[in-house]
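[1] Pasting the sequence and the predicted coordinates here, then a few questions.
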Amino acid sequence: MFSSKVRRREFMKQAAAGAVAVSVGPYAARGARAAAAERPNILFCIGDDWGWPAAGAYGDKVVKTPTFDRVAREGVLFNNAYCASPSCTPSRGSLLTGRAVHQLEEGGNLWSTLPKKFAVYPDLLEAAGYTVGLQGKGWGPGNFAISGWTRNPAGPSFPSFAEFFKQAPKDKPFCYFCGTTDPHRPYEKGSGVASGMKLEDVAVPAFWPDTPEVRSDICDYYFEIQRFDGLIGGIMQLLEEAGQLDNTLIVITGDNGMPFPRCKANLYGWGTRQPFAVRWPARVKGGRVVDDFIVLTDLAPTFLEAAGLKPLPEMTGRSILPILLGEKQEGRDRVFLERERHANVREGNKGYPMRGIRTKDFLYIRNLQPHLWPAGDPVKWEDVGPFGDCDGGPTKDVILERRDEPEMKKFFQWCFEKRPAEELYDLAKDPFELNNVAERPEYAEVKKQLRAQLDRWMTETADPRAVNPDDDRWDRYPYRPGGGEKAAKPAGQSAEKKKAKKKN
Ligand SMILES: [Ca+2]
């Protein structure tokens with residue numbers, strides 16, 4: 001029995017020698033040399049807090065995403081892609097390692113570290129001959145150095161794709177992680193409208209009040225999405241000019257839902273459902289839209305398999321290459337979702353543990369400590385306002401400032417109030433996931449089945465909370481804003497109001 005560390009070392013050695021490079025697809029019989037010539041470039045583009053359905057390809061009439069729409073049109077558009085956890089650090093840790101968030105130890109929290117023992121796909125591809133690069137936000141936020149990483153787990157940093165591409169050897173494929181802090185807050189207030197967007201064209205989800213401030217806030221979010229889309233457009237143009245576009249596997253997505261109340265840091269659809277499109281004309285037939293359920297954890301095994309490598313046995317994610325190649329894959333009718341500590345905004349450094357399962361018809365959520373506040377304690381903290389798991393901004397302000405008005409109470413309830421131990425939403429009847437039917441007798445059988453599936457997944461993937469739902473390890477891991485450690489402390493009278501930075 002090998003430990004995962006030994007297996008990994010052995011794998012890296014073999015990968016470096018080219019011995020494990022030829023297990024799938026058309027490369028099977030041709031040997032490592034031929035595979036090296038044909039292996040695709042891998043371009044992974046990830047928006048920060050960019051959630052479904054904010055893209056033209058999904059029918060949004062206001063935000064303009066020509067690059068994403070092109071990739072969707074010439075490739076495969078996914079309707080049911082989800083992040084593993086609606087928080088930057090665990091979502092990115094999971095997609096880099098291909099492992100469930102609850103297996104990543106401290107890496108399951110925001111502003112944490114990623115233990116070095118967890119292999120990441122950029123390292124595995126580099127060992128197999130790829131040239132690796134990163135721009136902008138890779139793994140994080142957190143402190144990777146304290147775990148022994150000498151560079152970001154997503155790869156060595158470059159100022160731009162052009163700089164990376166210029167120095168990359170022409171006879172080797174590349175693996176590039178294009179991160180950005182768009183559309184993470186803060187936003188330049190009014191930037192969306194100033195760019196020509198019209199407030200009256202914006203669709204407001206049912207869980208926020210429909211006010212001009214909220215509509216304008218949505219436009220500011222759209223404005224940053226458009227900037228991200230333009231960035232990828234520039235990279236694609238460069239590849240096209242170099243004649244390398246068609247053998248580049250391009251994936252465009254976001255790491256978690258939009259930074260608005262009841263979205264990011266929640267297991268609801270607006271917190272976990274992601275835009276997701278893939279283009280790779282050399283092997284993948286374009287013009288397809290698929291409903292298969294996938295999770296970003298599936299990316300690491302997908303990239304490895306596309307490069308002719310075998311995913312590591314400890315990866316819980318599954319390659320989506322069969323789906324891309326038009327094959328039917330079993331078990332693509334559900335995803336599992338989870339969350340541990342996001343910001344450190346509860347007494348006792350507590351997070352808000354949740355586990356969930358989503359199918360085409362239902363969303364079932366288990367709130368493991370329902371006595372806690374889901375969006376953070378209702379007190380002001382040193383760096384952030386009350387309910388600090390929800391990023392500050394005009395939409396949050398409207399809901400909090402007007403919470404006592406009779407017609408506004410429900411929005412506060414949905415976005416900030418405590419929640420019961422179990423939630424169940426009937427998605428066909430309730431697309432905004434507002435009517436919890438977990439205690440209704442007519443849903444008892446459905447709830448029982450979803451519960452059982454969730455329990456099985458937690459057990460099979462060695463979730464510590466399968467053994468002890470009150471396991472407090474994630475509350476004991478340090479919170480490391482800016483790399484240092486910091487305990488949760490309510491703001492004192494003299495605490496200065498600091499300007500929020502793009503950091504979580
Ligand atoms: Ca994020």
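    Happy to help now that I have it. Numbers count the residues shown, from 1 in each chain.

[2] As a check, name the ranges of all helices in the stretch 201-350 of the chain.
    212-241, 269-272, 299-306, 321-324 (DSSP state H, counting those that start in this stretch).

[3] out of the ones you listed, nearest to the ion?
    Taking Cβ to the ion, helix 269-272 is the member of the helices of the stretch 201-350 of the chain nearest to the ion, at 10.7 Å. Every residue, glycine included, has its C-beta placed from N, CA and C.

[4] quick one: secondary structure of the residue of the stretch 301-450 of the chain found nearest the ion?
    Closest approach between the stretch 301-450 of the chain and the ion, counting by Cβ to the ion: Asp391, at 9.8 Å. Secondary structure for Asp391, judged by DSSP: H, G, I helix; E, B strand; the rest coil, is coil.

[5] so it touches Arg185, yeah?
    Yes: judged on Cβ atoms under 8 Å, Asp391 makes contact with Arg185 at a distance of 4.7 Å.

[6] hang on, the earlier thing: okay if I get the helices of the stretch 201-350 of the chain as a markdown table plus mean pLDDT, mean neighbour count and distance to Tyr121?
    Below are the helices of the stretch 201-350 of the chain laid out as a markdown table (pLDDT from 0 to 100; neighbours: other Cβ atoms under 10 Å; distance: least, Cβ to Cβ, whole Å):
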| stretch | mean pLDDT | mean neighbour count | distance to Tyr121 |
| --- | --- | --- | --- |
| helix 212-241 | 98 | 20 | 19 |
| helix 269-272 | 98 | 25 | 21 |
| helix 299-306 | 98 | 25 | 4 |
| helix 321-324 | 98 | 22 | 13 |
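
[7] Serialize those helices to CSV and add fields for distance to Arg262.
    What follows is the helices of the stretch 201-350 of the chain, written out as CSV (distance: least, Cβ to Cβ, whole Å):
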stretch, distance to Arg262
helix 212-241, 13
helix 269-272, 7
helix 299-306, 26
helix 321-324, 30
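
[8] May I see these organised as a markdown table, with distance to the ion added?
    Output for these, formatted as a markdown table (distance: least, Cβ to the ion, whole Å):
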| stretch | distance to the ion |
| --- | --- |
| helix 212-241 | 12 |
| helix 269-272 | 11 |
| helix 299-306 | 15 |
| helix 321-324 | 25 |
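
[9] To Leu110, which of the ones you listed lies closest?
    With Cβ to Cβ as the criterion, Leu110 lies closest to helix 269-272 of those, at 13.6 Å.

[10] who touches Ala81 in this structure?
    Residues near Ala81 by Cβ atoms under 8 Å, 6 or more residues apart in numbering: 52, 253, 273-276, 294-296.

[11] Mind doing that once more with 6 Å?
    274, 276, 294 (Cβ atoms under 6 Å, 6 or more residues apart in numbering).

[12] Show the model's pLDDT score for the closest residue to the second one other than its chain neighbours.
    So that's Phe276. Nearest residue to Phe276 in three dimensions, chain neighbours excluded: Ala81, at 3.4 Å (Cβ to Cβ, 6 or more residues apart in numbering). Looking at Ala81, its pLDDT is 99.

[13] measure Ala81 to the ion for me?
    Using Cβ to the ion, to the nearest Å, we find Ala81 at a distance of 15 Å from the ion.

[14] mind listing what's buried in the host helix or strand of that residue?
    Following DSSP states H and E, one finds Ala81 within strand 76-82. Residues of strand 76-82 classed as buried by neighbour count (16 or more other Cβ atoms under 10 Å): 76-78, 80-82.

[15] nearest to the ion, of these?
    Checking those one by one against the ion (Cβ to the ion), the nearest turns out to be Tyr82, at 13.9 Å.

[16] close enough to count as contact, that closest one and Thr272?
    Yes: look at Tyr82 against Thr272 with Cβ atoms under 6 Å: they come within range, at 4.8 Å.

[17] Is there a neighbour count for the residue nearest to Asn80 when sequence neighbours are not counted? I'd like the number.
    Once flanking residues are discounted, Asn80 sits nearest to Phe293: 4.5 Å by Cβ to Cβ, 6+ apart. By the criterion of other Cβ atoms under 10 Å, Phe293 has 20 neighbours.

[18] for Gly51, same thing?
    Neighbours of Gly51 using other Cβ under 10 Å come to 28.

[19] Chain neighbours aside, what residue packs nearest to the residue of the stretch 1-150 of the chain at minimum distance from the ion?
    In the stretch 1-150 of the chain, no residue comes nearer to the ion than Cys88, which is 3.7 Å away by Cβ to the ion. Nearest residue to Cys88, sequence neighbours excluded (Cβ to Cβ, 6+ apart): Asp255, at 5.7 Å.

[20] and the one you found, how far is that from the ion?
    In terms of Cβ to the ion, Asp255 sits 4 Å off from the ion.

[21] can you list the domain ranges for the protein.
    Domains of the chain are assigned by automatic domain parsing as 21-332, 337-483.

[22] Distance from the longest one to the middle of the chain?
    To tie it back to what came earlier, the one meant is domain 21-332. 8 Å (Cα atoms, centre = their mean, to the nearest Å).

[23] Which members of the buried residues of strand 76-82 are the farthest-apart pair?
    Among the buried residues of strand 76-82, Val76 and Tyr82 lie farthest apart (Cβ to Cβ), at 16.1 Å.

[24] relative to helix 299-306, how tilted is the helix or strand in which Ser94 is found?
    Secondary structure from DSSP H and E places Ser94 in helix 88-97. Orientation note: helix 88-97 sits at an angle of 20 degrees relative to helix 299-306 (axes from the mean of the first three to the mean of the last three Cα atoms, to 10 degrees).

[25] which helices and strands does the next helix or strand after helix 88-97 pack with?
    Later in the chain than helix 88-97, the nearest helix or strand by DSSP H and E is helix 121-127. Helices and strands touching helix 121-127, by 3 or more Cβ pairs under 6 Å, 6 or more residues apart in numbering; DSSP states H and E, are helix 4-17.

[26] mean confidence score for the helix it packs on?
    Helix 4-17 comes out with an average pLDDT of 44.

[27] if I look at Leu427, how far off is Leu95?
    Distance of Leu427 to Leu95, given as Cβ to Cβ, to the nearest Å: 25 Å.

[28] give the contact list for the most centrally placed residue in the chain.
    Computing the C-alpha centroid of the chain and ranking residues by Cα atoms, centre = their mean puts Asp255 first, at 2.5 Å. Residues in contact with Asp255 (Cβ under 6 Å, 6+ apart) are 46, 88, 91-92.

[29] what do you get for Thr180?
    Neighbours of Thr180 in contact, by Cβ under 6 Å, 6+ apart: 136, 228.

[30] Could you rerun that using 7 Å?
    47-48, 136-137, 228, 231 (Cβ atoms under 7 Å, 6 or more residues apart in numbering).

[31] Point out where the protein drops to low pLDDT.
    1-37, 492-504 (pLDDT under 70).

[32] how about the strands in it?
    Assigned by DSSP state E, the strands in the chain fall at 41-47, 76-82, 131-135, 174-179, 248-254, 273-274, 276-279, 288-295, 334-339, 354-359, 362-367, 422-426.
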